[in-house]
Structures are given as C-alpha cells and as structure tokens.
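Student: heads up, no residue letters with this:
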C-alpha cells in the first residue's frame, strides 16, 4: 500500500474510534509523540514518589503513614504500567531511564517544588493529583490501546489519592489556629504550580491540531485547566480556606470561574531545570539507580545459577 | 511524510525548550527479561492479560506481578510468560483470518426462525 493510503486507513480507524495496537501500522510521528508522552508520564509517576516519600517517616499518625505508603506504592505501580506501555512502541526500559537521568526526558515540573510541611501532603493529593486526574480521565480514551488500558487501571487507583489529600486538609482546617495556617500556606504554595501542570496556553501551542486529530489528546490544555479551576473553587469552600488569586471570581455569563494570569516565566524556568528541586530530584533518582545496580546484577546471576542447576538435574 | 509535532501535554515539554543536556547514556548492564502477566480475578474465571513487567526469573516475575497488579485484591492466581515466547497473528492478515466468519450467519442460533410453539430451544 502507498504511504498515503496507509495514513488514510490509519486516520479512518482513529475516526471510527478503533484503538491502535502495537503491531498495527502507525505514522512515525504518532509513534514518537506517544512514546514521548507515555515515557514522560511514567517518569512523572516515579519522580512523584520523591516529595511524598520524604514524609512517610514524619506522618503525624500510623493511619496517615500507612495511607501515604500505599499512595507512594501506587505511584511506583503507575510508573511501571506506563513504562510497559511505552516499551510496546519499541524502546527499552534502560533507554527511558537513561534519558530521565541524563535530562533528555522530562517529567512533570510540579515535582520540582519542595514539600515543606505535613499540610503539603494534603495539598499535593488534593490539587496535584486532582489536576493529574483530569488529564488521566481524558487519557483513558486516548487512541493508543496500551496507553488507554494503563490509564484505566491508573484512574481506578488515583481517586483515593485525591480523596485522602482532601481528607487530610479537612482535618487540618478544623484544627488549631496553627494547623489552619499551615493548611492555608500549603494551598497558597501549591495552587499556581498546579495550574501550570496543564501546560502552556492553547494559543501558545502551535500545532495542537494533529494530536487532537489523532485522538491522543481529547481536550486542550485550557479546557482542562478551566475544568480544574471550576472544580477546586467550589471544593475549597468546604475547607473554609481561600485560593491565592484576587482575580478568581464566578462569571455568571460564562457559567465558569475567571482566574488570574499564570506566571509563565516561572513555568518555563522550572521546565528548563531551574526550579527549587530539579537537581535534587534527578540526583536522588541517579543515586537509587546506581546503588541498585548490584541488586539487579545479583538477581540475574542468581536466576542463571538456578537455571543451570535445573538443567544439570535434568541431564 | 513530514509532520512536526509540538503540542504540549501533561508534563510533556518539547526537547528544544526543555534545557538540560541531551546525551545518550548507553548502559552496558544486562537487562532483566520482559514477562507478560495474566491474572485470574476470581475463582472460576479465565486468566486475563493485564500487562507486563521485568524480572530476573519466573518466581520474581510472580512476586512483582503480585505487587504491581494485585494491590487491591484484583486476583487469586497469576500466570507469567516470558514475552519472547508469545507468538501473535499479524494485523495485516486480519482480513484473511477473520473475514471468512463474517458471512456465516447460519452459525448463530438467531439465524433459525422457529415457531413460538417450540419450547426450551
């Protein structure tokens, strides 16, 4: 078949909502876009364990500690589902990990912000996971089969992450004056970075059409961001806290919230590696990888020894 | 074909604007093989493919599958198969393989229009 026809057949499948599977023909740009997106999503899950892992030993109660451990373990799982999906597009786990450690591959910038107090664990669950869920729910219907399936599994697990975050903040919001101040402070620091998670404005991302056409993505950055603002602006009332945006107000005509301008200089600065924790995050990943090298080698050697022993027995 | 993709996704930043060194670190470390994982969600049901993972050997693959795919009681039994042993049909052959079944509607019970008087059939 001519390339033109292959591309047309491919687009017809997408238009008919038929999922693309690993062995199906796909345009090289479709493969690359998915590969980049899935691997960056996987890296985000893995790096996302770091700011929270930091608080496991300092959680205020046994209940909060087991919840946090379960959440961090889920994130490891989510990273693994996604790495497996990315591998179906013809890359290796080692290559992806190398790319993360060398700085070639990116992860969500949100994880380059520090978690300073216990209230940050609540704010991260509520705001950061809340923002992530909006993306992930959309991605359950993405056109690449293995990615969509991984996202379905992730969404089932992710809802607990957001609820436990809100629950933790709710407790603080009913606490002492200091606890309420800690809660408000965490919300103040996480609000704007959470809005940045949706990426640049639609008007700034020039070639958005193709990935909408390929149904890799089904909502634009601005649409998702607006959904998020509308959701959080209502939920925060239950906490009796405020969002740090003087321009935030209900727009009766549009039936949605208006909100202030994001600091895009800060956004690009963090993306380019100058956020508060970029260096620590990558250093922590590299250290874990290097210090685990002997474990990986030993497991292989042991598997090989067992294999030789069982073949010797048969002979 | 020459389509340039520069859409920004969740956490998805194009390389040229992302900063940081772009280098290929080739590791000479030997990788753990890939395994496909099948889980029986409930006694009496089939094992179903749920995904894949890396492990040094079969027993580690089962242990990892337990941690990765059954954290919320999703399964009562796990199968693992090294991915290199899975053989699959080619999507390009789909027409010749599955099309012949399309016009054989007489293989379905609904093809037979029987009188209402016939019971238990």
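Tutor: Thanks, I have the structure now. Note that this is a predicted model, so its numbers are computed, not measured.

Student: Kindly list the longest helix within chain B.
Tutor: Longest among the helix segments of chain B by residue count, using DSSP state H, is helix B:58-69.

Student: in that one, what counts as buried?
Tutor: Buried positions in helix B:58-69, judged by neighbour count with 16 or more other CB atoms under 10 Å in any protein chain shown: B:60, B:61, B:64, B:65, B:68, B:69. In this view, the C-beta of every residue, glycine as well, is placed from N, C-alpha and C.

Student: wouldn't the last one be in contact with residue B:49 here?
Tutor: Yep, that's residue B:69 we're talking about. No - Residue B:69 is beyond contact range of residue B:49, at 10.5 Å (criterion: CB atoms under 8 Å).

Student: so what sits against both of those two?
Tutor: residue B:37 (CB atoms under 8 Å, 6 or more residues apart in numbering or on different chains).

Student: Could you check what's spatially nearest to residue A:201, not counting adjacent residues?
Tutor: Of all residues not flanking residue A:201 in the chain, residue A:222 sits nearest, at 6.0 Å (CB to CB, 6 or more residues apart in numbering or on different chains).

Student: Check which helix or strand that neighbour maps to.
Tutor: helix A:221-239 (DSSP states H and E).

Student: just checking, what packs against the very next helix or strand once past that helix?
Tutor: Proceeding N to C from helix A:221-239, the next assigned helix or strand is strand A:249-251, under DSSP H and E. Here strand A:249-251 touches strand A:256-258, going by 3 or more CB pairs under 8 Å, 6 or more residues apart in numbering or on different chains; DSSP states H and E.

Student: one more time with 10 Å, if that's ok
Tutor: Packed against strand A:249-251 by the contact rule (3 or more CB pairs under 10 Å, 6 or more residues apart in numbering or on different chains; DSSP states H and E) you find helix A:221-239, strand A:256-258.

Student: before we move on, the earlier item: chain A next: which of the buried residues of helix B:58-69 are close?
Tutor: Restricting the buried residues of helix B:58-69 to those touching chain A (CB under 10 Å from any CB of the partner chain) yields B:60, B:64, B:68, B:69.

Student: can those residues go into a markdown table with extra columns for distance to residue A:65 and pLDDT?
Tutor: Output for those, formatted as a markdown table (distance: CB to CB, whole Å; pLDDT from 0 to 100):
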| residue | distance to residue A:65 | pLDDT |
| --- | --- | --- |
| B:60 | 28 | 96 |
| B:64 | 24 | 96 |
| B:68 | 22 | 94 |
| B:69 | 24 | 94 |
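
Student: Show me which of those residues is closest to chain A.
Tutor: Here the nearest of these to chain A, counting by CB to the nearest CB, is residue B:68; it sits at 5.2 Å.

Student: Contacts only, for the closest one.
Tutor: By CB atoms under 10 Å, 6 or more residues apart in numbering or on different chains, the contact set of residue B:68 is A:73, A:76-81, A:84, B:37, B:50-53.

Student: That'll do, ta.
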